[in-house]
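J.: sequence-free structure coming up:
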């Protein structure tokens, strides 16, 4: 991929359509906010254009690059959500429409708690869970994407699940 | 049981969970590790819940249009802005008006593409554009000319004419069975241009081509119409600016080199999303401020416009922080980042997360400024 790609709308369109769903799913998983996820997905692709514009840039794996950028954008956005304490995530959760109002409310509450708990994980832990569960990557693929060793990713995943379990239990006890 | 072996079992169990197998059924396959696996798999089951979100198709199409528009504006090369050249063009346009009116201006009003007087009509249009003042007036004039050009082609089609070179603009639409249309005129596209057309669908485009005997226009060139709007910034609202009477949407992706104040002269590169709806791609302050000059100008992208600047976007932090708080570093102030005891796994511990980071070699994804500050690993 290089600056030539910028002059090829067909290739750019294909690149966008191929990766947009993955980028959106990743961001929606991290943020739990469809509108913000769409905004940040757009920003992710604009940053790709910016990177392509640099003559010496080589992006061998666009998917990894896009998801890495989405990860950084998600972290920034989450910091600001924390600062704006009035942010009510429950309003944003995407719940299947076939559920009854009661079931939808319960599912919404559960999802809300999972999102809140996940945000207390470290950046890498959130990244690993998002890659594993939204992209369905294997441990090896996740390690390649994060440019970490297989064992490091195993450690991160183990700790992420253990911490998530503990955080969710804390919520239940309260 | 060594921790590494346990992680292998965990991975296998997670795989089964992802495949939709029941948790209790999975645990029966690992009787020795069931007690340890259960809480982790339970957490994994919860962690899978938010993964069901799917992108909205319309949002995806909208984003593709903006993505391609941004790419196109980046690759366009235009001459640097020259006040002298602009003045020269204005004088030339004025002369053209005088000459045109003297020779056959009135007769040219009825001219159609291919007629001998049609170039005079085009020159008159350019002169009108050059002499009109105010962004709103110019946009209305542009719209009027675009409608006129489409009507001219319809007249040619009605006459059964063909072979004329034509150029017009409008919203690109796709018929249910009969291909692409712009301003009510059916298009004949090469396979390559058809791909571009799919990408530009719904956008305001300009095109050049040849009229065919079957009433289609064989398109040679198809591109997004970019507008350079030059004028005084009158009002700044949440997501739009008023520039000389024209509201222009400002998106998070709009490149703003320096935030202007109301009353300043600005140059905007914009696209038309739909009728009367403009979206700014790039904004720059006018480098030659002239407080006494009240008139604004708007000209098509092919004119002598300042180049749109699409450089590194603002960080997400800047874009979403409407309250413009000072930046903070480190973990969020009201949350606790959880990282389990790192001494819990001697064998795995020999290769820590930080050691693994040393493997990073190639081009990194774009990091935001805050991510840099907090040392978030490059993904």
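T.: Sure, I can see it. What you see is a predicted model, and the numbers here were worked out from it, not measured in a lab.
J.: Pull out the buried residues from the helix or strand hosting residue A:145.
T.: Secondary structure from DSSP states H and E places residue A:145 in helix A:139-146. The neighbour-count check on helix A:139-146 (16 or more other C-beta atoms under 10 Å in any protein chain shown) flags A:139, A:141-143, A:145-146 as buried. Glycine gets a C-beta too; all of them are placed from N, C-alpha and C.
J.: same check, this time on stretch B:187-205
T.: For stretch B:187-205, by 16+ other C-beta under 10 Å, it's B:187-189, B:193-201, B:203-205.
J.: which two from those residues end up farthest apart in space?
T.: Farthest pair in the buried residues of stretch B:187-205 (C-beta to C-beta) is B:188 and B:204. Separation: 20.3 Å.
J.: Name the residue of chain A that lies nearest to chain B.
T.: residue A:68 (3.0 Å; C-beta to the nearest C-beta).
J.: How many residues are close by residue B:223?
T.: 17 (other C-beta atoms under 10 Å in any protein chain shown).
J.: Confirm for me that it is in contact with residue B:71.
T.: No - look at residue B:223 against residue B:71 with C-beta atoms under 8 Å: they stay out of range, at 11.8 Å.
J.: element containing residue A:17?
T.: Per DSSP H and E: residue A:17 is located in helix A:9-31.
J.: And the helices in chain A?
T.: A:3-6, A:9-31, A:34-53, A:62-83, A:101-118, A:123-134, A:139-146, A:150-173 (DSSP state H).
J.: Show me what the helix or strand hosting residue B:5 packs onto, helices and strands only.
T.: According to DSSP H and E, residue B:5 maps onto helix B:3-18. Helix B:3-18 sits against helix A:150-173, helix B:23-28, helix B:34-47, helix B:346-349, with contacts defined as 3 or more C-beta pairs under 8 Å, 6 or more residues apart in numbering or on different chains; DSSP states H and E.
J.: export the ones you listed to a markdown table and tack on mean pLDDT and mean neighbour count?
T.: Converted to a markdown table, the helices and strands packed on helix B:3-18 look like this (pLDDT from 0 to 100; neighbours: other C-beta atoms under 10 Å in any protein chain shown):
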| stretch | mean pLDDT | mean neighbour count |
| --- | --- | --- |
| helix A:150-173 | 90 | 20 |
| helix B:23-28 | 90 | 13 |
| helix B:34-47 | 90 | 19 |
| helix B:346-349 | 37 | 14 |
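J.: Among those, single out whichever gets nearest to residue B:280.
T.: helix B:34-47 (39.9 Å).
J.: what packs against the closest one?
T.: Counting by 3+ C-beta pairs under 8 Å, 6+ apart, helix B:34-47 packs on helix A:101-118, helix A:150-173, helix B:3-18, helix B:23-28.
J.: Next, the angle from that helix to helix A:9-31.
T.: 120 degrees (axes from the mean of the first three to the mean of the last three C-alpha atoms, to 10 degrees).
J.: So what's the residue count around residue 73?
T.: Reading this off chain A. 31.
J.: my bad, chain B
T.: Going by other C-beta under 10 Å, the residues that sit close to residue B:73 add up to 22.
J.: Quick check, pLDDT for it.
T.: Listed pLDDT for residue B:73 reads 70.
J.: Residue B:199 too?
T.: 81.
J.: How about the contacts made by it?
T.: A:9-10, A:12-13, B:64-65, B:68 (C-beta atoms under 8 Å, 6 or more residues apart in numbering or on different chains).
J.: Where does it sit, in terms of helix or strand?
T.: Going by DSSP H and E, residue B:199 is in helix B:191-200.
J.: The helix or strand just after that helix: which residues count as buried?
T.: For helix B:191-200, the following helix or strand on the C-terminal side (DSSP H and E) is strand B:204-211. Of the residues in strand B:204-211, those buried under the neighbour-count criterion (16+ other C-beta under 10 Å) are B:204-207, B:209-211.
J.: Contacts (any at all) between chain A and whichever helix or strand comes after strand B:204-211?
T.: Using DSSP H and E, the helix or strand that follows strand B:204-211 towards the C-terminus is strand B:217-224. No - Strand B:217-224 lies out of reach of chain A by C-beta under 8 Å from any C-beta of the partner chain, never closer than 9.3 Å.
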